[in-house]
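Trainee: okay, sequence plus prediction incoming.
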Amino acid sequence: MALREIVKYGDDILRKKCRPVTAFDEKLWTLLDDMKETMEDAKGAGLAAPQVGILRRVCVINVHDEHGTIELVNPEIIATEGAQTGGEGCLSLPGEWHEVERPVRATVKAQDRNGKEFTITGEGLLARALCHETDHLDGVLFIDKMKKEEL
Ligand code: CO
């Protein structure tokens, strides 16, 4: 495993749409392992592949709940419920912390590192992280979703 450099705001790569993963091979497993290590080292709650310069639909999340570290390959939000407003940050925008409205509950369909499909439903902080990280794969950053009065 190795730490990867985190791409910072201003780099075009953060605005690109990522391609789906089609090969569930050692290259993917290394990417996932490196992303987990990089997220932990940076003390983040989530990290998406474009943040380490890889335009593939991969992210990792750890909001320190019973789920531990979640690996999501080709994630897709299939249901959301309610709305919550809370503080949010991003490892690509160090020092930025803003109020963002997100669903209270979000269900994501994804594949694991072997290509096996699963769904996960998160509430509160996990719902927020699922939405934030999935957004990254479409080039969307949390500052795009800030409340207007803060802009
Ligand atoms: Co982020």
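Mentor: Good, I have the coordinates.
Trainee: average pLDDT for stretch 23-36?
Mentor: For stretch 23-36, mean pLDDT rounds to 98.
Trainee: in that stretch, what's buried?
Mentor: Applying a neighbour-count criterion of 16 or more other CB atoms under 10 Å, one finds Leu28, Leu31, Leu32, Asp34, Met35, Lys36 buried in stretch 23-36. All C-beta spots, glycine's among them, are computed from the backbone N, C-alpha and C.
Trainee: Gly68 versus the fourth one, what's the distance?
Mentor: Yep, that's Asp34 we're talking about. In this view, Asp34 and Gly68 are 18 Å apart by CB to CB, to the nearest Å.
Trainee: swap in the fifth one?
Mentor: Distance of Met35 to Gly68, given as CB to CB: 15 Å.
Trainee: and if you look at the first one?
Mentor: With the distance defined as CB to CB, Leu28 ends up 19 Å from Gly68.
Trainee: try the second one
Mentor: Computed as CB to CB, the Leu31 to Gly68 distance reads 19 Å.
Trainee: need the helices for the protein, in chain order.
Mentor: With helices called from DSSP state H, the chain shows them at 26-41, 125-136.
Trainee: take those and lay them out in a markdown table including distance to Gly86.
Mentor: Formatted as a markdown table, the entries for the helices of the chain read as follows, by distance: least, CB to CB, whole Å:
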| stretch | distance to Gly86 |
| --- | --- |
| helix 26-41 | 20 |
| helix 125-136 | 7 |
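Trainee: can you point out the buried residues in stretch 44-55?
Mentor: Going by neighbour count (16+ other CB under 10 Å), the buried part of stretch 44-55 is Gly44, Ala45, Gly46, Leu47, Ala48, Ala49, Pro50, Gln51, Val52, Ile54.
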